[in-house]
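In: Could you look at this predicted model? Sequence included:
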Amino acid sequence: MKLTRMLTKKLTSFWLFSLAGVAFILFFTAVLSFVQLTYEFQQQKVSEIESMLVSHYQHDNDWKFDSWLPPILIAFKAQHFSLSQNGKKTFEYKDKSEHTNTVTYEKVINKEQGIVMKMTLPEPFTVNHVGWYEVLIIVIGGLIVAAVVRFGFYWFSMQLEGIEGLAQRSQSILKGEYDRALLEKGTGQPRVINRALTRLLQELEDASKQRARFDQSIRSNTFLDPETGIGNRVFFDNRLDALTDDLKMTMPGVMYFLEIEDLDLLQQDSSFEKVDEMLSLIVLPINQVLSLQVNSFFARRSFNQFAIIVSQISQAEADRLAAKLLKICLRQVSSLIRETNDFVHLGGAYFNIGEDKDILLEEADMALRAAQLQGTSSWFMYDKGALDRDLSKGSVQWRSFLESALVNKRIFAFSRTVFDNEMLEQHREITCRLRDTQDHLIRATLFLPMAIKCGLTPQIERQVIETVLFDILRSQRGGQHKYSINLSLDTLMSRAFIRWLMRTLLEYRHLTSHLIFEVNEIIVVNHIDKIRDTLNMIRKMGAALCVDRVGQQVVSAQYIKQCHFDLVKLHKSIIRKIHLREENQLFIRSLMGGLPRKDIVFGAEGVTSFEEWQTLLILGINIGQGPFFSELIEEEV
């Protein structure tokens, strides 16, 4: 746009100087023409006297020169006039007034008789002086010319501003900022081009919305149950695989199987609408309860069986949650079904880190059968004594432990390298560990949920950013590596943290290009209006933005365009065994087809095998991370 403004200024300046030059040339030529005409008029007077004298001598008139020539000389304002014949003056006239600037004309009247005329006249411009009337006319003419030039310059500038408006809209389109180009309609000229751009942008926006709805419809039909709107069996298998590593659970939690007895018979006896209404009444409050649990999901395994997995929960909390879920189901069912004594059963299996996934499914199924054998609507928890010692701590103990770790700076940065499609390092994702008083490392998946409950995530993530900026990047001097840092919802909503982050990024703006801030997709979708300004501020400071865990929920991808994310990382539940799952491949194709691929880098989390990585490369994924590439390593400070 600087080039466009420079060209328009040069063009208007050239036009102004050209017009002023033309006006000056016209004025100059008019003056020269006037001077030339005055001299020709004076020469014409001399020629008239000459012709009169020639006629006088040819006809031998008796008229004497004293009788008719002096009045004519007085009328012509002659200063001196003389006639001589063979060198002797025969007539002479001299005016009493004197002029300093004169012009003398000498003419031969009769060459044979040797008659010569000499006539001295004042210069044309010394006869009359310029008065106030003439000056006024010149001033008015100059003002009119200046006004016309000014109006022409203003009109020409307005026309060029219209062209510059079109250039600005075109520049926004080339940058991919279609929303901005559509809002800035302006007064671009030619107006036909401006209206054409507006219409094309509107049609593009409509097409983008339709594509987003189409993509969401594809994902919904692939991963969602059409009757209840929650995840289907494919969704459940994907999410369960994401919680495992080599078929071993990677975090503690609980798995529930909820089964509604004789649902098929109820559908035969009543109507489909009644069954759908009952399922909706059950699903809605369960989703509300699970929204308060971190890392939980709800899916439908079969026609009358549902599965719930909640991670990072203690066994005592799992028991209370099971009783609450059963109570919700019975309360909702009782409004439609009279006999609910043996209608709903819930079985749960608590699991710990390292437990086998297949065994866990069997235990949850056995717990469900045990609840059914009780003969009433009840719940049963499969108890094998698997109680996580760390999760059994109370909130007060966790708060004092986390505050002590923050004060003593016992937060250590670990990183996992992210590689591109040429197996070159793209950036490193930072995660953190805590050390307790016995010098044992505590994983982030364990203490971060507790930090969220205690409201300490902004302090923890601030210390992680300080470690990356002040220690890791500064020790590298050249700053050859890029680092991505995860931000939680509490951190993005903290005004104190945002003010600190803005000051820090301004102070270390030479290092901000080496930072990538990652945000969970669920956070962005549910709180986009609250965190959009913060994300825009981070982008303007020079850091990159990444949305991770994409595909964990079935949502529209429009938020990626609205927040202008530079990187998109797919959740490992989509990546796991993708070479065997065509529905997951369809999801990736649908997602990438609706986004501008030249502006966004697509990546994958949790890649575990060569087959997965090759399939992702074929689909167009640019970067990958996971056990297949590298293990978690501690950063050197």
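Out: That came through fine.

In: Every contact and neighbour count from this point should use C-alpha atoms.
Out: Noted.

In: hey, which helix or strand in this structure has the poorest pLDDT?
Out: Least confident helix or strand of the chain, by mean pLDDT, DSSP states H and E, is helix 124-127 with a mean of 64.

In: Does anything pack onto the following helix or strand past that helix? Which helices or strands?
Out: On the C-terminal side of helix 124-127, the closest following helix or strand by DSSP states H and E is helix 132-174. Packing partners of helix 132-174 (3 or more Cα pairs under 8 Å, 6 or more residues apart in numbering; DSSP states H and E): helix 2-59, helix 178-183.

In: Specify the angle between helix 132-174 and helix 2-59 in degrees.
Out: Orientation of helix 132-174 against helix 2-59 (axes from the mean of the first three to the mean of the last three Cα atoms, to 10 degrees) gives an angle of 150 degrees.

In: Please report phi then psi for Arg581.
Out: Dihedral pair for Arg581: phi -120, psi 100, per degrees, to the nearest 10.

In: Neighbours of it, how many?
Out: 14 (other Cα atoms under 10 Å).

In: What of Ala20?
Out: Ala20: 15 neighbours (other Cα under 10 Å).

In: That one and Gly229, how far apart?
Out: In this view, Ala20 and Gly229 are 74 Å apart by Cα to Cα, to the nearest Å.

In: try Ala146
Out: Ala146 is 74 Å from Gly229, by Cα to Cα.

In: ok, those two, which is more surrounded?
Out: Remark: of Ala146 and Gly229, Gly229 carries more neighbours, 17 against 14, as counted by other Cα under 10 Å.

In: Can you check the pLDDT for the more buried one?
Out: The score at Gly229 is 82. That number is its pLDDT.

In: That one: which element?
Out: Gly229 belongs to no helix or strand, assigned by DSSP H and E.

In: Asn536 now?
Out: helix 528-540.

In: Could you tell me which strands the next helix or strand after that helix is paired with, and in which direction each runs?
Out: Sequence order places strand 544-550 as the next helix or strand after helix 528-540, per DSSP H and E. Strands that pair with strand 544-550, judged by DSSP bridges, come out as strand 515-520 (parallel), strand 567-570 (parallel).

In: how far away is Met278 from Phe41?
Out: Met278 is 114 Å from Phe41, by Cα to Cα.

In: Count the neighbours of Leu545 for me.
Out: Neighbour tally, Leu545, other Cα under 10 Å: 23.

In: Quick check: bridge partners of it?
Out: Beta-bridge partners for Leu545, by DSSP bridges, are Phe517.

In: what residues are up against it?
Out: 516-519, 535, 538-539, 564-567 (Cα atoms under 8 Å, 6 or more residues apart in numbering).

In: what's the answer for Asp276, then?
Out: Asp276 sits in contact with 227-228, where contact means Cα under 8 Å, 6+ apart.

In: distance of it from Thr228?
Out: 8 Å.

In: where does the stretch 201-350 of the chain dip in pLDDT?
Out: The stretch 201-350 of the chain contains residues with pLDDT under 70 at 211-220, 264-272, 335-340.

In: Can you name the residues bridging to Val116?
Out: Val116 has the following beta-bridge partners by DSSP bridges: Ser84, Val108.

In: can you give me the end-to-end distance of stretch 567-576?
Out: Span of stretch 567-576 from end to end, Cα to Cα: 20 Å.

In: Correction: the previous question concerned stretch 300-314.
Out: 24 Å.

In: list the buried ones in it?
Out: 300-301, 305-314 (16 or more other Cα atoms under 10 Å).

In: Next, the angle from the helix or strand containing Thr120 to helix 2-59.
Out: Per DSSP H and E, Thr120 falls inside strand 115-122. Comparing the axes of strand 115-122 and helix 2-59 via the same axes, to 10 degrees yields an angle of 140 degrees.

In: So Ala444 sits against Cys432, correct?
Out: Yes. With contact defined as Cα atoms under 8 Å, Ala444 reaches Cys432; the gap is 6.1 Å.
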